[in-house]
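Q: fold the following and give me the result.
(one chain, ligands or ions: 1)
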Amino acid sequence: MFERLEPKPADAILKLIGEYKNDPRAEKVDLGVGVYRNAAGDTPILNSVKKAEHWLVGTQSSKAYLGSRGDIAFCDAIQKLVFGAAASDGRITTLQSPGGSGALRVAAEVVRIANPEVCLWMSDPTWNNHAPLLGEAGIKLQSYPYYDLDSHSIRFDAMLESLQKAATGDIVLLHGCCHNPTGMDLSPAQWNQVADVAAARQLVPFVDLAYQGFSENLDDDAYGVRMLIERVPEMIVTQSCSKNFGLYRDRVGALSFIAADEVTANTTLSQALSTVRTMYSLPPDHGAAIVSHILGDPALRHEWLEELVGMRDRLKEMRQLLVSALSDAAPDHDFSHVLRTTGMFCYLGVTAEQVERLKGERGVYMVGSSRINVCGITSGNVEYLAQSIASVL
Ligand code: LMR
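A: Okay, the predicted model is just below:
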């Protein structure tokens, strides 16, 4: 039977992990997969996470199943993190998921069950894995314009115009903050306008919040979610703890449904739990238990918040460092748009061919779209990086 299968190409982002690892050049630079790196180029476990892990190992008395919804204390804590004061609203139901990706897929499955005809609108561009992950669930996908590569700005009018054409009940996927791959976020005023269109056309916002805390702070980064819940009857929110807690491989995320009333919210949750049971039965527990403990322990929470600020500040600093090094290495080229971006990523604004040359000639790795992971920059490699970029322009 397996001889019938055609080989599948490796994922464009994940394949960079192996390529970079196997590159023997000492001066190589990794701006590929979205993983935080510190000034030494490492991805250490956060101190708050280490302490919570010690606590967990010392106190956990059972590894028995918890149920398809996962750890209820985690669900409550993570719900508060994203919805703030609105978290106690009975319209919201939350389940723990295997990373943000697990949340996205379960959401898509529930959407298909609820409305097989629905169309989900994604930004152009969006995270490489959004279309495969959501589309494989069997829902129709469409794109709305988002980013203008020439001016490095949001095509906001075109985005709204496109959403005006969406059918009643269609779903609009929005990046809660730190747009992946462009790093260009909607302003609060633009979020409000999107909410106007969603409310008027009865669209369902679906906010993917994978980087809460990586742009401004936990509250500002949740602006879109918190404003939308006041404005629309139905919404979907996915969260990831990969980046803000650095729990990448532990797979911790959450999925929330906001329904028009409490009864519908609980019905939606029951469908989601049934979907979970048939897909992976129950989510992994270890990372979620850590997050739950950190959020519930004032000292650990404080330490985590400080670590989050440290990661965020480094992203800002590295953007400035790169733009300044590029203005020396390539004075005829304008890279100032990098300073208008936020979070882990931005587009450098070079061609796919130049991206390939950077990899082949200089050992500089980034996604083919020229998306760079800003944390791959250090004060030690920025000069080499800027010279490498200048050499292919
Ligand atoms: C990324 O965009 O690089 C990260 O979200 C990792 C991934 O799974 O693609």
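Q: contact partners for residue 292?
A: Counting by CB atoms under 8 Å, 6 or more residues apart in numbering, residue 292 makes contact with 71, 73-74, 77. For every residue, glycine as well, the C-beta is placed using N, CA and C.
Q: kindly give the local confidence score, pLDDT, for it.
A: What the model reports as pLDDT for residue 292 is 98.
Q: check which helix or strand covers the residue lying closest to it once chain neighbours are set aside.
A: The shortest distance from residue 292 to any non-neighbouring residue, by CB to CB, 6 or more residues apart in numbering, is to residue 74 (4.0 Å). In the assignment (DSSP states H and E), residue 74 maps to helix 72-83.
Q: tell me which parts of the chain are close to the ligand?
A: For the chain, the contact set with the ligand under CB under 6 Å from any ligand atom comprises 13, 33-34, 127, 129, 180.
Q: report the separation between the nearest residue to residue 78 once chain neighbours are set aside and the ligand.
A: Leaving aside its chain neighbours, residue 78 sits nearest to residue 254 (4.5 Å; criterion: CB to CB, 6+ apart). Applying CB to the nearest ligand atom, to the nearest Å, the value for residue 254 to the ligand is 16 Å.
Q: could you do residue 279 as well?
A: Distance from residue 279 to the ligand, by CB to the nearest ligand atom: 18 Å.
Q: quick check: that residue touching residue 108?
A: No. Counting by CB atoms under 8 Å, residue 279 does not reach residue 108; the two are 11.1 Å apart.
Q: more neighbours: which of those two?
A: Shown here are residue 279 and residue 108; by other CB atoms under 10 Å, residue 108 has more neighbours (26 against 13).
Q: which residues does that one contact?
A: 120, 133-134, 137-139.
Q: in helices only, show me these.
A: Counting by DSSP state H, the part of the contacts of residue 108 found in helices is 133-134.
Q: same list, the contacts of residue 108, but as a markdown table with pLDDT and neighbour count please.
A: Shown next, in a markdown table, are the contacts of residue 108 (pLDDT from 0 to 100; neighbours: other CB atoms under 10 Å):
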| residue | pLDDT | neighbour count |
| --- | --- | --- |
| 120 | 98 | 25 |
| 133 | 96 | 17 |
| 134 | 97 | 26 |
| 137 | 96 | 18 |
| 138 | 95 | 12 |
| 139 | 96 | 19 |
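Q: what's the closest of the contacts of residue 108 to residue 372?
A: residue 133 (22.5 Å; CB to CB).
Q: does the closest one really touch residue 106, like I thought?
A: No. Taking contacts as CB under 8 Å, residue 133 lies outside contact range of residue 106: 10.6 Å.
Q: on that earlier part again, in the helix holding residue 74, which residues are buried?
A: Across helix 72-83, burial judged by 16 or more other CB atoms under 10 Å covers 73-79, 81-83.
Q: cool, and stretch 336-349?
A: 337-338, 341-349.
Q: straight-line length of it, end to end?
A: End-to-end distance for stretch 336-349: 11 Å, by CA to CA, to the nearest Å.
Q: quick one: contacts of it?
A: The contact list for stretch 336-349 (CB under 8 Å, 6+ apart) reads 34, 36, 147, 149, 152-153, 177-185, 211, 214-216, 243, 315, 319-320, 322-323, 335, 366, 369-375, 389.
Q: returning to that earlier point: what's the first helix or strand after the helix or strand containing the residue nearest to residue 78?
A: Assessed by DSSP H and E, residue 254 sits inside strand 253-258. Per DSSP H and E, the first helix or strand lying C-terminal to strand 253-258 is helix 262-279.
Q: and that next one, what does it pack onto?
A: strand 92-97, helix 99-114, strand 253-258 (3 or more CB pairs under 8 Å, 6 or more residues apart in numbering; DSSP states H and E).
Q: let me see the ranges of the helices in this protein.
A: Counting by DSSP H, the chain has helices at residues 15-22, 47-59, 72-83, 99-114, 130-135, 156-164, 188-201, 223-231, 262-279, 286-296, 298-329, 352-362, 382-392.
Q: can I get these in JSON lines including distance to residue 172?
A: Conversion of the helices of the chain to JSON lines gives the following (distance: least, CB to CB, whole Å):
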{"stretch": "helix 15-22", "distance to residue 172": "29"}
{"stretch": "helix 47-59", "distance to residue 172": "33"}
{"stretch": "helix 72-83", "distance to residue 172": "18"}
{"stretch": "helix 99-114", "distance to residue 172": "12"}
{"stretch": "helix 130-135", "distance to residue 172": "12"}
{"stretch": "helix 156-164", "distance to residue 172": "6"}
{"stretch": "helix 188-201", "distance to residue 172": "6"}
{"stretch": "helix 223-231", "distance to residue 172": "10"}
{"stretch": "helix 262-279", "distance to residue 172": "18"}
{"stretch": "helix 286-296", "distance to residue 172": "28"}
{"stretch": "helix 298-329", "distance to residue 172": "27"}
{"stretch": "helix 352-362", "distance to residue 172": "28"}
{"stretch": "helix 382-392", "distance to residue 172": "35"}
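Q: among those, which is nearest residue 29?
A: So among the helices of the chain, helix 382-392 is nearest, using CB to CB, at 5.3 Å.
Q: what residues sit buried inside the closest one?
A: Buried-residue list, helix 382-392, by 16+ other CB under 10 Å: 382, 384-386, 388-390, 392.
Q: now flag whichever of those residues is closest to the ligand.
A: residue 385 (18.3 Å; CB to the nearest ligand atom).
Q: distance of that closest one relative to residue 316?
A: 17 Å (CB to CB, to the nearest Å).
Q: return the distance of residue 110 relative to residue 255.
A: Residue 110 is 9 Å from residue 255, by CB to CB.
Q: next, show the common contact partners of these two.
A: residue 272.
Q: so what's the one residue in the stretch 201-350 of the chain that gets nearest to the ligand closest to, chain neighbours aside?
A: With CB to the nearest ligand atom, the shortest gap between the stretch 201-350 of the chain and the ligand falls at residue 210, namely 6.5 Å. Nearest residue to residue 210 in three dimensions, chain neighbours excluded: residue 240, at 4.1 Å (CB to CB, 6+ apart).
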